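[1] Just need the structure, nothing else, for what follows:
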Amino acid sequence: MARLRHFAVCVKDLEKAANFYETVFELKRAGREDLEIGSAIYLTDGVINLALLNFSAGPGAKAADTADPRGLVGAHHFGFQVDDLAEAQRRIEGAGGKFFFDLGDERHGNFERKFKDPDGVIFDISQRGWIGTDGAKEK
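    Below you'll find the predicted structure:
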């Protein structure tokens, strides 16, 4: 059974947004990544990973699925932790989902395989989970 463990929200100011969620909901900061496509701060309640995203121009356009991702605000995608990546992909594609792209290194944590559902909604799957989630696995 898949477990919903990840939500990603685009924000204008990473630190300001992270401070808000830490203060209001007592989420804990689990990490930060600065990649070519943009930056993210990961917060957790111990079960769910909330990724606050800020995409860069250029490479970030692919991940954001828009021509200019700068200033993008709001819900972006969600993720399910699955027991078998290949089997989940087979089921997704069999039901009309389309592979979008891989983000990260499958041999390390925080790897996600991104898809679009039949309506174009972005979601991802991970066999190893996300930092700050209850099922996160590191090899």
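
[2] which residues does Glu9 form a beta bridge with?
    Residue 9: Val, not Glu. Leu52, Ala75 (DSSP bridges).

[3] Now that Ala17 has come up, it's in contact with Leu52, right?
    Yes: applying Cβ atoms under 8 Å, one finds Ala17 in contact with Leu52, separated by 4.9 Å. Glycine gets a C-beta too; all of them are placed from N, C-alpha and C.

[4] Have a look at these two and say which one is more surrounded.
    Applying other Cβ atoms under 10 Å to Ala17 and Leu52 shows that Leu52 carries more neighbours, namely 23 against 20.

[5] Local confidence estimate at that one?
    Turning to Leu52, the model gives it a pLDDT of 92.

[6] any idea how far it lies from Tyr42?
    Leu52 sits at a distance of 8 Å from Tyr42 (criterion: Cβ to Cβ, to the nearest Å).

[7] Lys114 bridge partners, please.
    Lys114 has these beta-bridge partners by DSSP bridges: Phe101, Asp124.

[8] residues contacting it?
    Counting by Cβ atoms under 8 Å, 6 or more residues apart in numbering, Lys114 touches 77, 99-103, 122-124.

[9] give me that answer again for 7 Å
    100-101, 103, 122, 124 (Cβ atoms under 7 Å, 6 or more residues apart in numbering).

[10] shared neighbours of Ala17 and Leu52, which are they?
    Val11.

[11] Okay, buried residues for the helix ranked longest in the chain please.
    Taking DSSP state H as the criterion, the chain has its longest helix at helix 14-25. For helix 14-25, a neighbour-count test (16 or more other Cβ atoms under 10 Å) marks 14, 17-18, 21 as buried.
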